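K.L.:
Predicted coordinates and the sequence they were generated for:
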Amino acid sequence: MLPLGLPLLFFLAKPLLEAAAANSSFHLPAPQNVTIASYNFQNILKWSPATGINSSTVTYRVEYQTKSYPVWAEVKSQNITKHEYDFTNEVKEFTEVIFHVRTEQGELTSHWVESPFFLATRQTILGPPREIAARVEANSIIVSYKAPFDYNATFFVFDYLIIYWEKSTDKNLPPSDKMIKQKTEKTRNTKCSLVKLKEMTEYCFKIQAVLLGKGSRGLQGHFSDIHCEKTYLTETSRILSITLPFIFAVGVLIIIFFCLMVILKHQNRIKYLWRPPLTIPLHYEEDLQNPQMTVVEEFKNCAGEEHWNSVSVISSVENPTVTSSTNGNNQEVYLLEIDGLR
């Protein structure tokens, strides 16, 4: 027979043995840094691997529960060997969910490590619009694009914000000052026309998508890269650029011809108007008004007279002939006639 104290000892030690067995199953190191990364509703649970064990034989178990149904359920994939799990197609975008992860190696496991609660429509990162293309039509730029990702139009609605500005040619200006005069267009279409732009001017633009779906609260995405396009002349401006110089040249020729005709027709009057007035200097006028000075008429008479002081002829010609005559002023004039020089 067994001693009576053995059953009692076994009964008392049983809880301790169960606790020891339970503790032995949790001696594996747990994963660390359990987080959720989401980009354009591609949702991935990530964690840092367990250290200090043979990683080739380690697997990870992932479970989740929703806020509306707080019961842990296993994900579709089991015995995960990677350090991440893509749950995009398992949890709806509008469902708030939490995960926990543990390390497993045979019969050994680690403690569970939980992630934060996650709601994709609020916490996903929206990328920029895709496949951006621009077409210039004179003084307009037609911009087309696609949503950041393919989506179900029943659940998601996007607004598109297009910011455009006139490109500055001053390289010394900082980027913030180059976009001071920026303008904004807002639309839900995947095509937008930037109209009434300046001709022959380079414009730049960038596009942002804003999610308006259920529970998103206007989730703003990243802006696209900056695209630049240059406008050109409209047909009207092109015609005017050709005709206006011609009209101006014709007008100038007509004005020149008209001015020449006026000058030829009224040249005497123009000469009279442009001729400076003939005035006697003041000091001469005072002298002329002096009675002791020679009168003006005497100056005029003297101006018309001709005077000869003397005539000298040097010649070897013999027998010159001298004749006399009287000029209009009753003065005797002597003429010397030389043979052979008449």
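P.N.:
On my side now, so go ahead.
K.L.:
pLDDT below threshold where in the chain?
P.N.:
Residues of the chain that meet the criterion pLDDT under 70 lie in 1-26, 169-180, 214-216, 235-242, 275-278, 287-288, 290-342.
K.L.:
max-length helix in it?
P.N.:
The single longest helix within the chain, with elements called by DSSP state H, is helix 235-265.
K.L.:
need the helices for this structure, in chain order.
P.N.:
Across the chain, reading from the start of the chain, the helices by DSSP H fall at 5-24, 120-123, 175-178, 235-265, 267-274, 282-288, 296-304.
K.L.:
per-domain residue ranges of this protein.
P.N.:
Structurally, the chain divides into domains by automatic domain parsing as follows: 23-123, 130-230.
K.L.:
Hmm, Val101 and Tyr60 touching each other?
P.N.:
Yes. The criterion here is Cβ atoms under 8 Å, and Tyr60 meets it with Val101 at 5.7 Å. Any C-beta I mention is one placed from the backbone N, CA and C, and that applies to glycine too.
K.L.:
returning to that earlier point: and of the domains of the chain, who's closest to Gly251?
P.N.:
Using Cβ to Cβ as the criterion, the shortest distance between Gly251 and the domains of the chain is 24.8 Å, found for domain 130-230.
K.L.:
Tell me the span between the first and last residue of that closest one.
P.N.:
Taking Cα to Cα, to the nearest Å, the first and last residues of domain 130-230 lie 22 Å apart.
K.L.:
How about stretch 37-53?
P.N.:
With Cα to Cα as the measure, the ends of stretch 37-53 fall 26 Å from one another.
K.L.:
What lies in contact with that stretch?
P.N.:
Surrounding stretch 37-53, the residues in contact under the criterion Cβ atoms under 8 Å, 6 or more residues apart in numbering are 28-36, 55, 58, 60, 62, 83-88, 91, 93, 99, 101, 103, 105, 110, 113, 115, 118, 120, 123-127, 148-149, 151.
K.L.:
Would you mind putting the domains of the chain into CSV with distance to Asn268 and mean neighbour count alongside?
P.N.:
As requested, the domains of the chain are arranged in CSV below (distance: least, Cβ to Cβ, whole Å; neighbours: other Cβ atoms under 10 Å):
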stretch, distance to Asn268, mean neighbour count
domain 23-123, 91, 15
domain 130-230, 53, 15
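K.L.:
Including distance to Val262, could the ones you listed go into CSV?
P.N.:
What follows is the domains of the chain, written out as CSV (distance: least, Cβ to Cβ, whole Å):
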stretch, distance to Val262
domain 23-123, 79
domain 130-230, 41
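K.L.:
Figure out which of these is closest to Ile255.
P.N.:
Each of the domains of the chain has some distance to Ile255 by Cβ to Cβ; the shortest is domain 130-230, at 30.3 Å.
K.L.:
ok so, going back, anything in contact with each of Tyr60 and Val101?
P.N.:
A shared contact of Tyr60 and Val101, defined by Cβ under 8 Å, 6+ apart, is any residue touching both; here these are 31, 47.
K.L.:
who's in contact with the nearest residue to Arg135 once chain neighbours are set aside?
P.N.:
Nearest residue to Arg135 in three dimensions, chain neighbours excluded: Ile142, at 4.5 Å (Cβ to Cβ, 6 or more residues apart in numbering). Applying Cβ under 8 Å, 6+ apart to Ile142 gives the contacts 134-136, 191-194.
K.L.:
Apply 10 Å and report the result again.
P.N.:
133-136, 191-195, 229 (Cβ atoms under 10 Å, 6 or more residues apart in numbering).
K.L.:
Can you name the residues bridging to it?
P.N.:
With DSSP bridges as the criterion, Ile142 is bridged to Arg135, Ser193.
K.L.:
now swap in Asn43 and tell me
P.N.:
For Asn43, the beta-bridge assignment (DSSP bridges) gives partners Ser38.
K.L.:
residues contacting Val97?
P.N.:
Listed by Cβ under 10 Å, 6+ apart, the contact partners of Val97 are 36, 43, 45, 64-68, 87, 90-91, 115, 117-120.
K.L.:
Roughly how far does it sit from His283?
P.N.:
Using Cβ to Cβ, to the nearest Å, Val97 is found at 116 Å from His283.
K.L.:
what do you get for Lys265?
P.N.:
Counting by Cβ to Cβ, the separation of Lys265 from His283 is 42 Å.
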